[in-house]
Each structure stands twice: as structure tokens, then as C-alpha cells.
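Enquirer: below are the sequence and a predicted model; questions follow.
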Amino acid sequence: MTSQTEKYGIKAGLAEVKTFDIVGISVVTNNKKATEDINNLWERFFKESIGQSVVNKTDDVIYAVYSNYEGDHTKPYRLTIGYRVNTPQTAEQMHRICVEEQDYAIMSASGEQPSALIEAWTAIWSSDLDRSYKTDFEVYGPRFFEDGVNEVLIHIGVKKEEERI
């Protein structure tokens with residue numbers, strides 16, 4: 001599943017994703033102050049060339065992982081921007097997050113960024129997806145950096161049938 005996601009073979013659907021580790025930088029935020037916090041985190045990510053500090057990264061695909069939800073999407077959560085690693089060694093001032101093994105609804109946000117991504121998240125928040133609020137993540141692979149494509153794959157953790165009340 002992951003190799004297909006990274007190659008953008010899947011545009012939308014539902015898939016089970018096995019657990020994996022991301023190492024990068026993070027911030028705890030909420031949707032009231034997220035715009036500023038997230039912009040600052042991305043700016044720091046590129047300014048400090050975080051990829052050069054991540055040991056044992058599998059490739060140059062960038063992940064943005066939403067975790068540690070204190071409730072639903074209106075409550076505080078942690079955002080970690082970084083890289084997938086083979087062995088989770090955390091450098092100083094870095095954060096490691098384990099992406100939960102679970103079912104994920106996958107959707108594509110392509111076009112002018114960040115507006116396409118914001119529109120996708122707005123649709124997710126108002127959808128009837130039965131979200132797990134464990135981990136969600138965005139994949140910034142090769143198609144993100146193609147002119148005119150700028151595609152981000154969004155993975156939303158959803159509850160399995162047996163988890164639903």
C-alpha cells in the first residue's frame with residue numbers, strides 16, 4: 001500500500017496502512033491558530049533543511065502527520081512534518097511519531113496550494129467520515145513538486161466496523 005501511495009497510484013479510496021515511523025519537527029496547535037502555527041512549522045522545515053538531519057530516511061517524500069488529538073478536529077492536536085525512517089533514531093530537537101496501523105480514507109488535493117489542501121480539509125471536517133482521531137497524514141511526493149499538479153495525498157484514519165458504536 002505505501003509504495004502505491006508514494007507513487008500516487010491511488011487517488012482516492014479506502015486502504016489499510018501498516019504502521020511506520022516519521023521523524024521531523026512538530027507543533028501542538030488547534031484550528032483557531034493552525035494557519036500561523038502550520039505556516040511557521042513549514043517555514044522552519046525548509047529554512048533549517050530538516051531532511052539533512054533525519055537519519056535513516058527511506059526517501060525524500062515529505063509527510064505531515066496529525067496526531068495526539070485531544071478530541072475531534074476542533075480540539076488541540078500535534079502536527080509533525082518529516083520523513084519516513086527505517087529505524088526511528090531521533091536527532092536533537094526532532095520528534096518521532098508512529099503512524100497508527102488502521103484503515104485510511106485517501107483523497108487527493110491537487111492544484112494551487114495551499115488552497116486545494118484547505119478546501120480538501122474543509123470538506124473532510126464537514127463530511128460524515130467516521131474518523132478515528134488516532135493519526136491522519138499527508139504525503140508530499142514527486143507529484144507535489146510537478147508544475148501545475150501540486151498533488152498532496154491526504155490519509156484520514158477511519159474507524160473499523162467493530163470500532164463503531
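Expert: Ah, there it is.
Enquirer: what does the longest helix seen in the chain contact?
Expert: Longest helix of the chain, by residue count under DSSP state H: helix 34-47. Here helix 34-47 makes contact (Cβ atoms under 8 Å, 6 or more residues apart in numbering) with Gly24, Ile25, Ser26, Val27, Thr29, Ile50, Leu79, Ile81. To be clear about C-beta, it is placed using only N, CA and C from the backbone, and glycine gets the same treatment.
Enquirer: repeat that for 10 Å
Expert: With Cβ atoms under 10 Å, 6 or more residues apart in numbering as the test, helix 34-47 has contacts from 24-30, 50-51, 62, 64, 73, 76-77, 79-82, 114, 118, 121.
Enquirer: just how off-centre is it within its chain?
Expert: In terms of Cα atoms, centre = their mean, to the nearest Å, the gap separating the centre of helix 34-47 from the centre of its chain is 14 Å.
Enquirer: need phi/psi at the residue most central in space within the chain.
Expert: Taking Cα atoms, centre = their mean as the criterion, Phe137 is the residue nearest the geometric centre of the chain, at 2.2 Å. As for Phe137, its main-chain torsions (degrees, to the nearest 10) stand at phi -150, psi 160.
Enquirer: which secondary structure element of the protein has the lowest mean pLDDT?
Expert: Counting by mean pLDDT, DSSP states H and E, the chain has its least confident helix or strand at helix 2-7, which shows a mean of 42.
Enquirer: next secondary structure after that helix?
Expert: Remark: after helix 2-7, the chain's next helix or strand is strand 13-17, criterion DSSP states H and E.
Enquirer: packing partners of that next one?
Expert: In this structure, strand 13-17 packs against helix 2-7, strand 102-109, strand 152-158, with contacts taken as 3 or more Cβ pairs under 10 Å, 6 or more residues apart in numbering; DSSP states H and E.
Enquirer: what's that strand in contact with?
Expert: With Cβ under 10 Å, 6+ apart as the criterion, strand 13-17 contacts 1-2, 4-5, 99-107, 135, 137, 155-158, 160.
Enquirer: buried subset of the residues you listed as a PyMOL selection?
Expert: To isolate in PyMOL the members of those that are buried, counting by 16 or more other Cβ atoms under 10 Å, one can use:
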select buried, resi 5+99+100+102+103+104+105+106+107+135+137+155+156+157+158
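Enquirer: out of the contacts of helix 34-47, which end up buried?
Expert: 24-27, 29, 50, 62, 64, 73, 77, 79-82, 121.
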